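[1] turn this into a structure:
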Amino acid sequence: MDSGDKHFTQLADKALTADVKIATWCPTMDLLALSTADGQLCLHRLNWQRLWAVSPESAVTSLCWRPDGKVLACGYEDGYISLLDVENGETMQRGKMVAGVASAIGWVEEQSDNFTPEGSLAYQARTARFCQAPVPATPALGAAPRPNYNQTRTDHQQWPVLPKRLDMMCVASGSALSIATFGLFPLAGLDVSPVANKPAAQSQVAILKATMTPDLKQLYLLWSESRQSSSSGHLSLTICDTSMLADRRRELQNLAQMATYTMSLLNSAESSLAGAEQQWNDAMKVIEDKLQAVRKLMRDHGKEVASPKEEFMALLASGALSPAMHQFLTSTLGEGGVKKLSKAVDSAVGNIGGILVDHLQPSLQAAAFKLNELHSLAKAETLRLGVCQAGVQYRHFFAWLLRTVRRLNDDNPQAATEAAAIKVDPTNVAAFLQGQFCRDVIGPEIKARALMRTALCY
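    Predicted structure coming up:
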C-alpha cells in the first residue's frame, strides 16, 4: 500500500494480566467480549471500560452474540451453553446442547419479507395477561437464619422478552451440530462425518463454523478433516437445505415460544424448591451441630451405645438425667441455646412457607395454565386440520362430479371443453367415498357437548 493511501489507525493498546483465548465484537454496539486464560469472561467498551466480569465454572470454548446484541452466548468444554444478559452478565438460560466441547456457535435472525409478528405473539399474551411472572427464590449465601421470605411481594418480575423474529442458534462439537431457536429450544441435529472422504475411523472431522442464511433456507458448514496417516488436512464447505424449517417457521416460532416460557416457569419452580431446601438444611445443620456435642459428651462419659434419642426419651418418661445429658443441658446448650435452636427452626419454617406461597405456587400455577393452553391449542389445531382435510375431499368430489355432469352434456361443446379443464385427483375422491361420504367424522368432533367433555377430562 502506498504511503498516500488510507491506512488503519490504532485506537488502543492495552496490556492484560492474562492471555486472551476468545474475543468477539458485538454486532450492534461498541462492546467486546473476552475470555481469558485465567478463567475470566469480561465485557469491555471500545474505550476499554469494563462493564462486568464473571468466572464460569467450566472453561469457555466459544462465544457468539445474538444478532440484536442484547444476549451473549457462551459455550463451555462440558457441552453446556449459557445465555448472558449484556446489561449485567447474569445467566438468563443454561442448558446442555452437545455431548462434547461446544467448539463453535453461530446465531442468525430471520429476515423475511412476509414477517407478521402479531399472530406469533398472541399466545404468550394470554399467559402474561392471566398470570403474574414468578420470582425465583434463589437461596442467599450465609448462615441461618436466612432473610425473611414470608412477606408481601413488592417486586415486579417481568416475563422473559423473546425476539419477535425467529432466530436460529447452531452449536458445533466435533462433527456434530445442534440447531436451537429462542436460545436453547432444540430443533434439529446433524453429523457431517458421513460426507467425509474417509470413514470416521481413518479421519477426524471437526466443524469450525456454522451459520444459516437470513431466510433460514440454507445452512453453511465449514469443517476440517485430518487423516490419521497424514499430518495435513483440508477444509470443506457443506451447504445443507433447511427450507423445511423456513417453510414452517411460524409454527416453530409459536411452539418454541410457548415451550421457552414453560421452561422458564419450571426453572423458576426448581429454583424456589432449591431455596426452600437450603432454608431447611441450614436449620437442620444448627440442630445437628448440637447433637454432635451430645454424642461427644456421651462418649466422654463412656456411653458409646446410647443415642441422643434414647437420652431424651428417658428424660421425657422418667425425668432421669445421665451425667452427659445433664452437662449438655446446663453447660453446653443452656437457655440461650434452646432459644437459638427454636429461632432457627421457626425462621426456616416461615421462610419456606413464604417461598412456597410467593414463589413456587405462582410458578406452578402459571406452568399449569401454559400446559393446559398448549393442550387446548393442540386440540383446536387437530380439529382445524381435520376440517380442512374434509373440505379438500369435498372440493375434489364436487369438482369430479361437476366434470362428470358437463361431460354428459353432449349437446354443449363448450361444457365438454370446460369439463376437460377441471383438474381432479382420483385419490382424494376415492378417500372421500370410502370415508367422509359414508360416515361423518367431523360433525361428532365439533359438537359442543362432546368438545366440552373432552376438555374437562384434562
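[2] tell me, what residue is most central in the protein?
    Central residue of the chain (C-alpha atoms, centre = their mean): Leu184, 4.6 Å from the mean position.
[3] the nearest residue to that residue once chain neighbours are set aside: which element?
    Leaving aside its sequence neighbours, Leu184 sits nearest to Gly95 (C-beta to C-beta, 6 or more residues apart in numbering; 4.2 Å). For the C-beta atoms, the positions are set from N, CA and C on the backbone; glycine is no exception. Assigned by DSSP states H and E, Gly95 falls within strand 91-96.
[4] quick one: strands adjacent to that strand?
    In the sheet, strand 91-96 lines up against strand 80-85 (antiparallel) (DSSP bridges).
[5] who touches the strand it pairs with?
    The contact list for strand 80-85 (C-beta atoms under 8 Å, 6 or more residues apart in numbering) reads 41, 54, 56, 58, 70-76, 90-97, 102, 105, 169, 171, 183-184.
[6] partner strands of the very next helix or strand once past the strand holding Gly95, parallel or antiparallel?
    Per DSSP H and E, the first helix or strand lying C-terminal to strand 91-96 is strand 104-109. Strand 104-109 has the following strand partners under DSSP bridges: strand 167-173 (antiparallel).
[7] helices or strands next to the helix of greatest length in the chain in the packing?
    Identified as the longest helix of the chain according to DSSP state H is helix 249-300. Where contact means 3 or more C-beta pairs under 8 Å, 6 or more residues apart in numbering; DSSP states H and E, helix 249-300 is packed against helix 117-130, strand 176-181, strand 185-191, helix 308-318, helix 323-327, helix 334-355, helix 361-408.
[8] picking that back up, correct me, but the residue nearest to the centre of the chain touches Ala102?
    No - between Leu184 and Ala102 there is no contact under C-beta atoms under 8 Å: 11.7 Å.
[9] give the contact list for Leu356.
    Contacts of Leu356 (C-beta under 8 Å, 6+ apart): Ser272, Ala276.
[10] next one, pLDDT for it please.
    At Leu356, the pLDDT value in this model is 90.
[11] what's the answer for the one 5 residues further on, then?
    pLDDT recorded at Gln361 is 86.
[12] report the buried members of the contacts of strand 80-85.
    41, 54, 56, 58, 70-76, 92-93, 95, 97, 102, 105, 169, 171, 183-184 (16 or more other C-beta atoms under 10 Å).
[13] who's Thr76 bridged to?
    Thr isn't right for residue 76; it's Tyr. Here Tyr76 sits in beta bridges with Val60, going by DSSP bridges.
[14] pretty sure it sits against Gly39.
    No - Tyr76 lies out of contact with Gly39 (C-beta under 8 Å); the separation is 11.2 Å.
[15] now the nearest residue to His396 once chain neighbours are set aside: how far from Phe397?
    Leaving out its chain neighbours, the residue that sits closest to His396 by C-beta to C-beta, 6+ apart is Asn428, at 4.0 Å. Distance of Asn428 to Phe397, computed by C-beta to C-beta, to the nearest Å: 8 Å.
[16] in the stretch 51-200 of the chain, where is pLDDT below threshold?
    112-163, 196-200 (pLDDT under 70).
[17] if we use 90, what do you get?
    The stretch 51-200 of the chain contains residues with pLDDT under 90 at 57-58, 68, 90-95, 109-167, 181-200.
[18] then the stretch 351-458 of the chain?
    In the stretch 351-458 of the chain, residues with pLDDT under 90: 357-458.
[19] residue contacts, Ala324?
    Residues in contact with Ala324 (C-beta under 8 Å, 6+ apart) are Val294, Leu297, Met298, Asp300, His301, Lys303, Glu311.
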